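*Asks:* Can you look at this prediction? I've put the sequence above it.
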Amino acid sequence: MTSPEVPALSDPELSRLKRFSLLEGVPVMVFLAWTTGAVLTGYALYLGAGPLELGLVSSTPLLGQVLSLLLIRLSERTTHRREWLIALALLSRGVWLGVALFALFEERLRLPLLILLSTLSWTFTASVATLLTSLLGDLIPRQVLGRFFGLRNALLGAVGTVVTVGGGIYLDRAAAPWSFQTLLLIAALVGLGAVTLLRLYPEPLSQAPEQVSPPSARSTFRDPNFRPLLWYAGYWFFAASLSAPFVLPYFLKFLHMTYAQISLWSALVAGCSLIFGPLWGRLADQIGNKPVLHLVTLLASSLLPLSLLLATPDSLGWVWLAAALEALVMSALGFGLLNLTLNSSPSHGRPRYLADFSALTGLCGFLGSALAGPLFLLFSVGMPQGGVSSDWTPYHAVLLCSALLRLPTVFLLRRVAEDGAWSLRSLFSHRWSKSKES
């Protein structure tokens with residue numbers, strides 16, 4: 001016996017839910033912007049992180065996705081998803097208050113503690129994201145879901161722009177380590193304050209706990225509609241994570257960019273996402289998510305890494321081009337994967353499917369990030385000063401390796417099923433006929 005469906009919201013209720021979802025996301029963006037990215041990586045570098053430690057720092061969000069699976073399993077035993085959201089959000093943001101205690105520990109312990117705090121926070125954050133996505137997927141009609149998530153991600157990305165730039169300017173002007181600790185503590189306090197907003201989400205009480213065993217992880221991975229998506233997403237996260245830990249160090253150590261410049265780069269990504277996100281969303285609603293993901297997968301395997309590889313300290317124009325390409329890719333990849341996951345999962349078992357998807361991609365991303373450090377050290381062998389002072393560095397080698405390994409994802413995506421999705425051949429044929437008519 002499956003769970004009863006959540007009743008459809010009226011148009012005014014649906015509009016109110018969408019507006020509130022945007023409002024609730026604003027302080028969450030402050031929390032995320034200042035507990036990840038340049039703040040977390042910069043603090044780790046200050047504490048003496050090498051290639052192996054940088055790989056671990058970068059992998060904590062992905063490891064958190066894997067560890068969050070148990071919490072999602074527990075959430076299936078209750079109808080009160082909102083109460084779980086509140087409890088998990090409190091934990092995810094509250095653990096960062098531990099930064100205030102760093103002065104009590106020896107210096108050699110502070111980097112492991114930073115990695116531990118980040119892992120704990122992301123374990124709870126990934127659970128919150130999964131439960132909230134499941135709730136919104138139940139309440140918002142599928143025919144407008146792509147458009148909504150495209151717009152939401154873009155608008156919240158614009159908020160992240162302002163916050164990230166402000167944080168970068170502050171890091172350049174304030175003394176370490178207090179600069180990093182201050183931003184982390186402010187992020188924790190803002191995030192904790194935002195927890196009260198979660199009470200305004202509707203509680204779908206009609207979604208009763210399942211009276212039979214929910215789909216097990218084994219059955220989830222055996223689902224013929226879902227398994228190809230897991231293969232595609234898992235391999236993508238593995239390949240992309242091989243270079244992810246070293247993008248910010250590449251900016252800092254090789255290109256000699258300031259924190260303000262790195263923040264501007266992130267701002268450009270968010271600003272372009274504000275434009276591209278809604279466009280991708282509307283296009284995906286018309287032609288499907290698969291062809292959109294095909295296009296951005298090709299971009300992420302070619303033009304995006306190429307623009308980063310061509311950048312030099314005296315020629316940063318390629319970096320700004322890479323920011324626009326990053327926005328083009330990530331604004332489509334985020335909601336595209338989300339929509340395919342929602343469309344490929346049954347409504348009664350959706351939290352489990354989302355959790356398994358999150359856990360698998362997190363595990364694959366963690367493995368990629370964990371291998372990134374040894375890979376970087378391998379490419380450093382025989383290079384003067386580890387290669388960081390030459391024109392071709394281990395950073396370049398890791399970026400190229402990751403790009404080449406992303407190419408097979410194009411073929412894995414072809415096996416993913418999506419009703420009504422256009423094939424790439426149909427898409428290009430349509431565009432060709434349109435251009436001939438004009």
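*Replies:* Structure received.
*Asks:* All the strands of the chain, residue numbers only.
*Replies:* Counting by DSSP state E, the chain forms no strands at all.
*Asks:* give me the low-pLDDT residue ranges for it?
*Replies:* 1-8, 78-79, 204-219, 384-390, 424-438 (pLDDT under 70).
*Asks:* Tell me which residue lies nearest the centroid of it.
*Replies:* In the chain, the residue lying closest to the centroid (Cα atoms, centre = their mean) is residue 334, at 7.1 Å.
*Asks:* Would you check that it makes contact with residue 153?
*Replies:* Yes. With contact defined as Cβ atoms under 8 Å, residue 334 counts as touching residue 153 (5.7 Å). C-beta here means a position set from N, CA and C on the backbone, and glycine is covered the same way.
*Asks:* I'd assumed residue 270 was in contact with residue 324.
*Replies:* No. With contact defined as Cβ under 8 Å, residue 324 does not count as touching residue 270 (11.4 Å).
*Asks:* The two: which has the busier surroundings?
*Replies:* residue 270 (29 against 18; other Cβ atoms under 10 Å).
*Asks:* Roughly how far does the more buried one sit from residue 323?
*Replies:* Residue 270 sits 9 Å away from residue 323, going by Cβ to Cβ, to the nearest Å.
*Asks:* For the residue nearest to residue 63 when sequence neighbours are not counted, give me its contacts.
*Replies:* Excluding the flanking residues, the one nearest residue 63 by Cβ to Cβ, 6 or more residues apart in numbering is residue 366, at 4.7 Å. Neighbouring residues of residue 366 by Cβ atoms under 8 Å, 6 or more residues apart in numbering: 59, 62, 63, 66, 241.
*Asks:* contacting residues for the first one?
*Replies:* Contact analysis of residue 59 by Cβ under 8 Å, 6+ apart lists 241, 245, 365, 366, 368, 369, 370.
*Asks:* Next, find the distance separating residue 397 from residue 114.
*Replies:* Counting by Cβ to Cβ, the gap from residue 397 to residue 114 is 27 Å.
*Asks:* from the contacts of residue 59, which is closest to residue 15?
*Replies:* The closest of these to residue 15 turns out to be residue 365 (Cβ to Cβ; 35.4 Å).
*Asks:* what number of residues lie near the closest one?
*Replies:* Neighbours of residue 365 using other Cβ under 10 Å come to 27.
*Asks:* got the end-to-end distance for stretch 44-57?
*Replies:* End-to-end distance of stretch 44-57 (Cα to Cα, to the nearest Å): 8 Å.
*Asks:* Run the chain-centre distance for that stretch.
*Replies:* Centroid separation between stretch 44-57 and its chain, computed with Cα atoms, centre = their mean, to the nearest Å, is 20 Å.
*Asks:* What residues sit buried inside it?
*Replies:* 44, 45, 47, 49, 51, 53, 54, 55, 56, 57 (16 or more other Cβ atoms under 10 Å).
*Asks:* Show me what it is in contact with.
*Replies:* Contacts for stretch 44-57 (Cβ under 8 Å, 6+ apart): 40-41, 107, 110-111, 114-115, 118, 176-177, 180, 245-246, 249, 252, 369-374, 376-377, 380.
*Asks:* Now the buried members of those.
*Replies:* Buried among the contacts of stretch 44-57 (16+ other Cβ under 10 Å): 40-41, 110-111, 114-115, 118, 177, 180, 245-246, 249, 252, 369-373, 376, 380.
*Asks:* Who are the contact partners of residue 122?
*Replies:* By Cβ under 8 Å, 6+ apart, the residues touching residue 122 are 60, 61, 63, 64, 65, 92.
*Asks:* Please read the previous query as pertaining to residue 250.
*Replies:* 308, 395, 399.
*Asks:* Looking at those residues, which is nearest residue 162?
*Replies:* Minimum distance to residue 162 across the contacts of residue 250 is 24.7 Å, recorded for residue 308 (Cβ to Cβ).
*Asks:* Would you confirm that residue 256 contacts residue 313?
*Replies:* Yes. Counting by Cβ under 8 Å, residue 256 does reach residue 313; the two are 5.1 Å apart.
*Asks:* overlap in contacts of these two?
*Replies:* By Cβ under 8 Å, 6+ apart, residue 256 and residue 313 have no common neighbours.
*Asks:* Grab the nearest non-local neighbour of residue 327.
*Replies:* residue 272 (3.4 Å).
*Asks:* you'd agree that neighbour is up against residue 322?
*Replies:* No. Residue 272 is beyond contact range of residue 322, at 11.0 Å (criterion: Cβ under 8 Å).
*Asks:* Please say which of these two ends up with more neighbours.
*Replies:* residue 322 (24 against 21).
*Asks:* From residue 312, how far off is that one?
*Replies:* 13 Å.
*Asks:* and if you look at residue 245?
*Replies:* 21 Å.
*Asks:* What about residue 300, how many residues nearby?
*Replies:* Using other Cβ under 10 Å, residue 300 is surrounded by 26 other residues.
*Asks:* What is the neighbour count of the closest residue to it other than its chain neighbours?
*Replies:* Leaving aside its sequence neighbours, residue 300 sits nearest to residue 329 (Cβ to Cβ, 6+ apart; 4.7 Å). Residue 329 has 24 neighbouring residues, counting by other Cβ under 10 Å.
*Asks:* you'd agree residue 329 is up against residue 298?
*Replies:* No. Applying Cβ under 8 Å as the test, residue 329 and residue 298 come out as separate, 9.7 Å apart.
*Asks:* quick check, nearest of the contacts of residue 250 to residue 221?
*Replies:* Nearest to residue 221 among the contacts of residue 250 is residue 399, at 31.4 Å by Cβ to Cβ.
*Asks:* Quick check: that closest one touching residue 243?
*Replies:* Yes. Assessed by Cβ under 8 Å, residue 399 is found in contact with residue 243 at 5.0 Å.
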